[in-house]
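Undergrad: I need the structure of the sequence given here:
(chains A and B, ligands or ions: 4)
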Amino acid sequence: MRALNEVWEGAETLEGARLEELDRLLGGLSANALYWTAGYVHARARAAGPQPDAAQPAKASAAAARLTIVYGSQTGNAKRVAEELKERAESQGLNVRVLRADAYPQRELAEERALLIAISTQGDGDPPDDSRALLRFLNSARAPKLPNLRFAVIGLGDSSYPKFCFIGQQLDARLAELGGTRLTARADADVDVERVAGPFARGAIDAAKTLLEVPATRGAKVTSLRPAPVGHSRSRPFAAQVLANQRITANDSELRVHHLELDLTGSGLRYQPGDALGIWPQQHPALVAQVLATAGLDGETAVTHDDQELTLQRWLGEKRELTRLSRAALVEIFERTGNTEGKALVADQAACVDYLAGHQLLDLIARFQPRLSAAEWVSLLPPLQPRLYSIASSVRQVGDEVHLTVAERIDQVDGETRYGVASRQLLELAEGARVPVYIEQNDRFRLPADATRDVIMIGPGTGVAPFRAFVQERASIGARGRDWLFFGHRHLRREFLYQTEWIAALGSGRLARLDVAFSRDQAERRYVQHVLRERGRELVEWIDGGAHLYVCGDATRMAKDVHQALIEILSAVRGQSLDEATAELDRLADQGRYARDVY
Amino acid sequence: MEASVFSPLSDVERIKTASRLLRGTLAESLDDAWTGALRVDDTQLIKFHGSYQQDDRELRNERELAKLEPAYSFMIRTRTPGGVVTPAQWLALDAIAQRYANGSLRLTTRQAFQIHGVIKRELKPTLQAINAALIDTIAACGDVNRNLLIASNYDASPIHAEVHAQAVALGEHLLPRTRAYYQLWLDEEQIAGTPEEEPIYGPTYLPRKFKIGFAVPPSNDVDLFAQDLGFAAIIENGVLTGYNVSAGGGLGTTHGDARTYARLGDTLGFITCADLIKVGEAVLTTQRDHGNRSDRKLSRLKYTIDRLAVDVFKAEVERRAGVVFAPARIVVWRQQGDRFGWQESAAETPGRASLTLRIQAGRIADREAATNLTGLREIARIHAGDFRITPNQNLAIAGITPDTRAAIADLVRAHGLDLHEHLPPVRLNSLACVAFPTCPLAMAEAERYLPAFGAKVEELLENHGLARADIGVRISGCPNGCSRPFLAEIGLVGKALGRYNLHLGGDRLGLRLNRLYRENIDESEILSTLGGLFARYANERENSEGFGDYTLRRVLEVGAGEQP
Ligand code: SRM
Ligand SMILES: Cc1cc2nc3c(=O)[nH]c(=O)nc-3n(C[C@H](O)[C@H](O)[C@H](O)COP(=O)(O)OP(=O)(O)OC[C@H]3O[C@@H](n4cnc5c(N)ncnc54)[C@H](O)[C@@H]3O)c2cc1C
Ligand SMILES: Cc1cc2nc3c(=O)[nH]c(=O)nc-3n(C[C@H](O)[C@H](O)[C@H](O)COP(=O)(O)O)c2cc1C
Ligand code: SF4
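TA: Residues are numbered from 1 along each chain as shown, chains lettered A, B, ... in the order given. Ligands and ions are numbered 1, 2, ... in the order given. Got it, this is the predicted structure:
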């Protein structure tokens, strides 16, 4: 409420009992319901007369002169692109609004004149969670004809997935089908988003400017509702100190998972349960040395790129991906070196995806022996990206600390061990060391505002991390709703992450139920979805009672299997068809009662 | 009933009372998939079913840091009266040890098998497999009558066989009657409406464990006077006429708690075979009603008897049994340990022989040096007689037929089961309890320390020209005394990792408690102390005087001026 008062400074404010009453009415409403209410109240306000203070943003009716930017994002990349588009547009004097896909008022679409969309692809060519409803609407027969719409889409994706930027492509095609005209051609951004996002932004904003007829002279003087971000951010990470780094799988486990505690004191960084911590990793010196040796390069060579001069050693160690390559990078490398075998590989989409999943730069160099100069390597290799880790703590319990649950990522390639860059570094960090971090908000993965709601958490493996934060938070605020955790891993004895804490939470009653599946403790593999099925009836009872469902962890198999299991459970218990059950899950997702954070 | 004198009741009494004849919430505990442990109360009840919840103590710290619960597992102990099993049963236990446990079998000082490392999820299949081999684990632990300790070599004479049979009958009589075991582990249906009761024990069983031993003099291999209740077979004119009864033995103590002590049983008198069951039951129910149910440290029969006075206790037993004790018969005891190697059997089984093997600390496993587990499996496959665990953690292969004799002898040699032919006496007559890493009560190493310690003592003896000296050594990891160290000539009782109390002065017959000689010393001090004593013993011993007798006469008594 304080935020509201600030926004409407100078206007009449609600106080005391009336404010409380409003609060009570709004408590527990889903995001969708809140947006609906906001629209309703807005309409009532307009009917009541003009707003006293004119210092408000552009009028809603100003669609004609306004650029709308919508983003659909799971891990924040598309959101960042949207914000960059907005900045650019504002600097050009455009009147802009930025909306997350699930906040976009669908009925305004028909009147929209200029629309930019940044959207990523998730799962196996699925939309990000926040965009599911909008896409359903657009793909349905109810979608309006859009003869007046001028639009542009930038898709975000990862070329190592089979359905690269599928959602962006789909959306782009559909908007055109509905009668829209492209402001500029669709762009497909790979993991090195900037490479494509920069040119797209220039093209799209220039076109929008022409369309909206903003005189080139008009100054870029628009006050943003939101203050410019101050303090630490993705581009200005905070060097957090490691307070503890503890292995939490048994020593005889084949899997290494660590619990990390980092100190955020003085950073000004704030997080909520559900958020992730971004980490800017560095390559292991041994790997850099090996790459240099295998490629026959001298690490001391100075290379200037993007107006920056660094030694090759530093470029590779601090600024370039060596462990995760993109298909785009491969294409360019093989173009440049004219390697026919390599060209054949990248031409076969599926083979290329397989290759990328199992190989790193080192393997590529060893096999294809591309001869490239230091400068060429720096320009061809994707820029090093930060890695995200679900936050496993609640500030209410850990204060200035932030806790993470990090699994080692290793593969064997031709008898050699290949490590993931960030997980390797995090696992090796000594107490007292520092690592650059920032907070990646995830508003799609939030505890119910109404603490009397029950919560069902499905988090096998490191997917359990955010639920540690959830349970800490609910314990601190004394939430009256019940918590039910589903966990799975390989063995009870070796890989039950945070076992003693869950048992303590059961003992205190904070955790009402705990169900586990240890896949390798019996002859047949057993996973969380199997346990979910066994608990189907009670699950549905909880859902009927208003419980919120959360799924976190592996996207490739787990999230899909769990989703399918939930559909089948709903269908079996309710006697619904599978389609009805699917629709019901969609509804739950739309109401913010079925949220997923999968990777 | 005096039980009300003791209040408040100990927590275990509450658990037993609420347990519905040993069921508790064991079924629910087994279903708690998120933990390898039982619910707290059930950890007491599982004992009555023959199992202890344990955890690997060496992993405790690292697992705590890793936010993992302790590495829980279960030890299972068999009820094998007198330690007798068939080759088929041996093979079954061997398979169970490999499939469900840590790949080893442990022979105990009460002639039972223990397996370690069974995880909760596999408790039920393991117990089912054991029962499928016609062995059960009922009352192998818990506040009940435990596995019967019976003079080994039961076919050494017809009398041995008779004693064995009578002992087994008493044991059967004293078994709990609850169906809980069968329902929980063997899926027996619970028949609604059938009332269940424990005619002998009552719903709260005994105040504490209760142990019975049967000896056939002159061998006291069972350490009869360490038992709550002891029966010494009386043989007159070649006929078993009855038993001398002793009661109130027990060795468990607590460091620093002067109220606890080791005690030898008092001989109450002689009874005929016909009165055996009546007297056995009367002693047990007297303890049931008069034992301390408030403080478990003071609840063994030995404390009950000292509190009531022996005469009062004896009169109560006579009243309950309807039997009057006759004066005890004179008994001569000659030995405490086992006789190793080949022995021809009694006339009843002509041509058969038995072979007693030395098993160090009772542990049978496959090690690089010797593949004992495999060896005994091979033997079980061809053996026609049976196997018997001795009360000293050793193993007798009994009833070997002439046609398998050579093959068994070969297997014994091939798998390093022939220690009895190589080790000096001091290393044959030693015992060690389990202790680390499984025993939750262990303060110092025992089983794992015995081989190294034995070798060092062997060397010391050699240095003093005493290589063939037959000295009994027993190590316990704590003062509970599971290897009966308080009856040894040299007893080590654990105080802390690497540190022990040194006890001296046992008589090699099990008739005399030894005494604390040095407190809380480490290995080098133990060895230098023993070195000094061996030097004196070599010079000062009289005739065939044993080391225990010598230390009592010249080391413990000197200056102390007290009587043994
Ligand atoms: C296996 C065995 C020692 C061995 O190396 O062979 C043994 C092992 C244990 N004994 Fe014992 N006792 C064993 C014979 C004895 C004996 C000797 C005897 O019975 O002849 C004694 C001394 C006689 C006596 O009872 O006084 C003995 C006195 C104890 C005590 C002390 C009892 C007391 O009155 O204070 C405890 C602790 C307790 O009961 O609280 C104990 C407890 C234990 C436990 C179960 C520890 C526990 O309570 O958690 C040990 C399991 C360790 C493990 O990891 O396996 N054990 N225990 C013996 C199993 C016998 C059997 O098959 O039933
Ligand atoms: C929102 C979110 C939350 C997350 N939370 C957690 C968490 O709580 N705990 C946790 O441990 N992890 C979490 N992750 C995953 C984490 O961000 C990293 O992806 C992971 O740690 C691996 O990173 P790395 O730098 O160690 O490995 P990388 O260096 O990125 O890659 C390692 C290996 O992956 C292979 N590879 C490269 N590209 C691909 C590809 N496209 N497909 C398949 N394989 C490929 C390569 O062979 C390489 O050897 C989360 C991810 C997201 C998006
Ligand atoms: C679980 C998961 C599945 C993904 N599946 C695809 C895919 O099928 N196709 C694709 O092009 N990109 C895929 N990606 C890559 C993302 O689209 C890419 O990381 C993008 O930058 C994310 O943008 P966002 O943070 O805005 O969601 C996937 C990423 C994750 C974590
Ligand atoms: S004597 Fe102590 S350490 Fe040894 S087994 Fe018995 S209880 Fe455990």
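Undergrad: helices or strands up against the helix or strand containing residue B:271?
TA: According to DSSP states H and E, residue B:271 maps onto strand B:266-272. For strand B:266-272, the elements it packs on are strand B:239-247, helix B:310-321, judged by 3 or more Cβ pairs under 8 Å, 6 or more residues apart in numbering or on different chains; DSSP states H and E. C-beta here means a position set from N, CA and C on the backbone, and glycine is covered the same way.
Undergrad: Enumerate residues external to the first one that contact any of its residues.
TA: By Cβ atoms under 8 Å, 6 or more residues apart in numbering or on different chains, the surrounding residues in contact with strand B:239-247 are B:159, B:162-163, B:214, B:224-225, B:227-235, B:265-273, B:275-276, B:279, B:283, B:301, B:305, B:313, B:317, B:325, B:328-329, B:331.
Undergrad: How about the residues of chain A by ligand 3?
TA: Residues of chain A lying close to ligand 3 (Cβ under 6 Å from any ligand atom) are A:73-78, A:120-125, A:128, A:156-158, A:161, A:163-166, A:555, A:598-599.
Undergrad: Filter the residues you listed down to the ones in helices?
TA: Per DSSP state H, helices hold the following members of the residues of chain A next to ligand 3: A:77, A:78, A:166.
Undergrad: which residues does the last one contact?
TA: Read that as residue A:166. So residue A:166 contacts A:121, A:125, A:155, A:157 (Cβ under 8 Å, 6+ apart).
Undergrad: and the gap between it and residue A:121?
TA: According to Cβ to Cβ, to the nearest Å, residue A:166 and residue A:121 sit 5 Å apart.
Undergrad: Neighbours of the residue in the stretch 51-200 of chain A that chain B sits nearest to, how many?
TA: Nearest residue of the stretch 51-200 of chain A to chain B, counting by Cβ to the nearest Cβ: residue A:75, 27.1 Å away. The tally of other residues near residue A:75 (other Cβ atoms under 10 Å in any protein chain shown) stands at 18.
Undergrad: Could you pull up the contacting residues of it?
TA: A:120, A:276, A:388, A:440, A:442, A:599.
Undergrad: could you redo the last one with a cut-off of 6 Å?
TA: The neighbours of residue A:75, taking Cβ atoms under 6 Å, 6 or more residues apart in numbering or on different chains as the test, are residue A:388.
Undergrad: Which positions within the lengthiest helix in chain A qualify as buried?
TA: Ranked by number of residues, the top helix in chain A under DSSP H is helix A:193-212. Going by neighbour count (16 or more other Cβ atoms under 10 Å in any protein chain shown), the buried part of helix A:193-212 is A:193, A:195, A:196, A:197, A:200, A:201, A:204, A:205, A:207, A:208, A:209, A:212.
Undergrad: Which strands and helices lie in contact with that helix?
TA: helix A:77-91, strand A:114-120, strand A:150-156, strand A:187-189 (3 or more Cβ pairs under 6 Å, 6 or more residues apart in numbering or on different chains; DSSP states H and E).
Undergrad: quick one: contacts for the residue of chain B found nearest ligand 3?
TA: Residue of chain B nearest ligand 3, by Cβ to the nearest ligand atom: residue B:67 (26.8 Å). By Cβ under 6 Å, 6+ apart, residue B:67 lies in contact with A:248, A:498, A:500.
Undergrad: want to try JSON lines for these, with neighbour count and pLDDT as columns?
TA: Shown next, in JSON lines, are these (neighbours: other Cβ atoms under 10 Å in any protein chain shown; pLDDT from 0 to 100):
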{"residue": "A:248", "neighbour count": "22", "pLDDT": "98"}
{"residue": "A:498", "neighbour count": "24", "pLDDT": "98"}
{"residue": "A:500", "neighbour count": "17", "pLDDT": "97"}
